[in-house]
Structure formats: C-alpha cells, structure tokens
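Peer 1: fold the stuff below for me.
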Amino acid sequence: MQVSRRNFLVKTSLALVSASFYTNQLLAAAKPTTVLGIQLYSVRDDMRKDPLGTLQQLALMGYKNVEHANYINRKFYGYSAAEFKKILDGLGLKMLSGHTVMERKHWDATKKDFTDEWKLTIEDAAFMGQQYVISPWLDDSLRKKYDDLVAYMEVFNKSGELCKKSGMKFGYHNHNFEFSTQLNNQKVFDIMINHTDPLLVAQQLDIGNMYGAGGRALEILKTYPGRFELMHVKDEIKSLQAGDLHDGYESAKLGKGIIGIKEIIDEAKKNGGTKHFIIEQESYQNDTPLNCAKVNLKAMHHWGF
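Peer 2: Here you go, the predicted structure:
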C-alpha cells in the first residue's frame, strides 16, 4: 500500500521528536548526580596569603566546587560576598556549601529568634548560591547535660527553617567529641542525629575526624541510611606530629591511610543519601597542601568521580 507524502512526513517528524526525547532523557540520566569539591581549609595557609592565586590553581587542577571555611564580618577570605562571588564565577567555580559556626550567641532565647548576625550569615550564603550552611562545631557547654543538648537541637531545627526560607538547608559537621562523649549512656552523635529533623538539618559526615574516637563511617552509614547528604572525604594515618590532632591520628593523602575510603564512598552513594563529596586534608607529611589537593583529586577521579 502506498503512503502519501504528507503521511510520510508526519510519521517521520514524530519519529524524530520521539528519538530526540529519548536521547535527551538518556543524556539527562547520564549527567553526574554527585558534587565533588574541596574544603578550602585544606589549603588554609595558601588562602590566607593569596586567596585569588590559590583559587586559580585549584581551578587549573580541575576543581569545580569549593567549600569555604572563612566567613568573618560578612566577608569571605577578606572579600565581600559580591566580590568573592565574582571571583568564583570568573574561575568557573561554585560554592554550594560553607562552614560557619552557629554559636550560642546567635540565638536569642528571650525573643526565641536568631540574632541579626546569624540572619545576615544566611543572607550572604544565599547570595553566594550555597545550598548548605554548615556549622562545624558544637560549644563545649552544650555537651555537659543531655537535656541542654536535646533542647539546642531544636535551635538546629529552627536554623533549618530559617535556611529553608532562602532555598537552603542547615547542616552539621562532626569532629571527634561526638563519638567520645556520652550523655545518658548515648553518644553525642546519636543524640544529635535522633533529635534533628532530616528535612531541615543535613549531616556532613567527616569520615576521618571520628576514627581515633572510635567512629567508623561504614557502620554509621548503615545505621543511619539516607541521613548524610554531604561527606568530608578524608584519610587518616597514625600521627607523626607532636600533639593530639585526631586522637592520635592525622589526615593524609586519599588512599594512603587506613580509612578504607572506596568502600565508604560506595556505601554513601548507594545508601547514605550522599551527593556532595568534599575532599579535605589538614596534615601533609612534608608535602605542600596544593600538591596534596592535586593528588587527592586524581584519587577521586580514579574512584569514578
């Protein structure tokens, strides 16, 4: 049976549209679902001496995302939010998360509201395009009594509500005391996880800080599936330095320590709910921080990032 030219063109056009649709769907599915970045504390001395030059070097290495650890008096590494955003944009860098300690002084218990200082912190983070405002510390006074800690977790939740208004999420980053300190026979880490709303408060799991205090990232990921939207990817070795860094351990180049990173990040991708993987190294074993950053990026690429 003959097919009219008109019908032929219609059918051909529909076929092309369909093929284009499925091609776009496949391309969308192929896009990476994870964010790989570096915590700028890894190159803190370089950032203090020459922030612009340091960011340029990181961009040349191939980094696309950075996480800040320096926000003082409404400035990032000495630059206003507008200035720092312009620098990052010019280098093709994004800053989707950042560390700023939420201190007790930022919450006015009498007014049951945050201070202007914390509100401006959230405002500047939103301007920078952050998705997460992460507090990397918990005041020692809040680790003394169980009831005090539980009550303050409600402030965490309220900070999450405040961040949500600007399209962001509040987060917390662990160190070691969360695993070495217990209140009412519960680890501080478990208390914090169980008394924060996962819809409002994200957890950034630092897999290295906890090791000397007995925390094991793989076990934690399995105990609390889906709770860790961000991760600090860090390796650890027995400390070669004087002083107690991470309970007798210090960070090292990825893959050179005892953490077992590949298995951890695979579990985090599969069941941890983790999308943001942030490289961090704080000790360098006589190498330079920038060279360590380069080596660590190659290691992550080798592991599929």
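Peer 1: got any ranges where the stretch 151-300 of the chain has weak pLDDT?
Peer 2: Low-confidence regions of the stretch 151-300 of the chain, defined here as pLDDT under 70, cover residues 242-245.
Peer 1: now the helices: where do they sit in it?
Peer 2: Secondary structure of the stretch 151-300 of the chain, counting by DSSP state H, counting those that start in this stretch: helices at 177-180, 188-194, 217-223, 261-267, 289-302.
Peer 1: number of residues surrounding Gln182?
Peer 2: 14 (other C-beta atoms under 10 Å). Heads up, the C-betas are built off the backbone N, CA and C, glycines and all.
Peer 1: out of the helices of the stretch 151-300 of the chain, flag the one nearest Trp118.
Peer 2: helix 188-194 (18.9 Å; C-beta to C-beta).
Peer 1: what residues sit buried inside the closest one?
Peer 2: Neighbour counts over helix 188-194 (16 or more other C-beta atoms under 10 Å) mark Val188, Phe189, Asp190, Ile191, Met192, Ile193 as buried.
Peer 1: give me the distance from that helix to the chain's centre.
Peer 2: Here helix 188-194 is found 19 Å from its chain centre; the criterion is C-alpha atoms, centre = their mean, to the nearest Å.
Peer 1: same deal with stretch 219-235?
Peer 2: 11 Å.
Peer 1: alpha carbons only: can I get that stretch in CSV?
Peer 2: Taking Å, rounded to 0.1, in the frame of the first residue of the first chain, the C-alpha atoms of stretch 219-235 are listed here in CSV:
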residue,chain,number,x,y,z
GLU,A,219,29.0,1.4,60.3
ILE,A,220,27.4,4.8,60.7
LEU,A,221,26.2,4.9,57.1
LYS,A,222,24.5,1.6,57.6
THR,A,223,23.0,2.6,61.0
TYR,A,224,21.5,5.8,59.6
PRO,A,225,20.8,5.2,55.9
GLY,A,226,19.9,8.3,53.9
ARG,A,227,21.0,10.8,56.6
PHE,A,228,24.3,12.1,55.1
GLU,A,229,23.8,14.5,52.3
LEU,A,230,27.4,15.6,52.4
MET,A,231,30.7,13.9,53.3
HIS,A,232,34.2,15.1,54.0
VAL,A,233,36.4,12.6,52.3
LYS,A,234,39.5,12.2,54.4
ASP,A,235,42.1,9.5,55.1
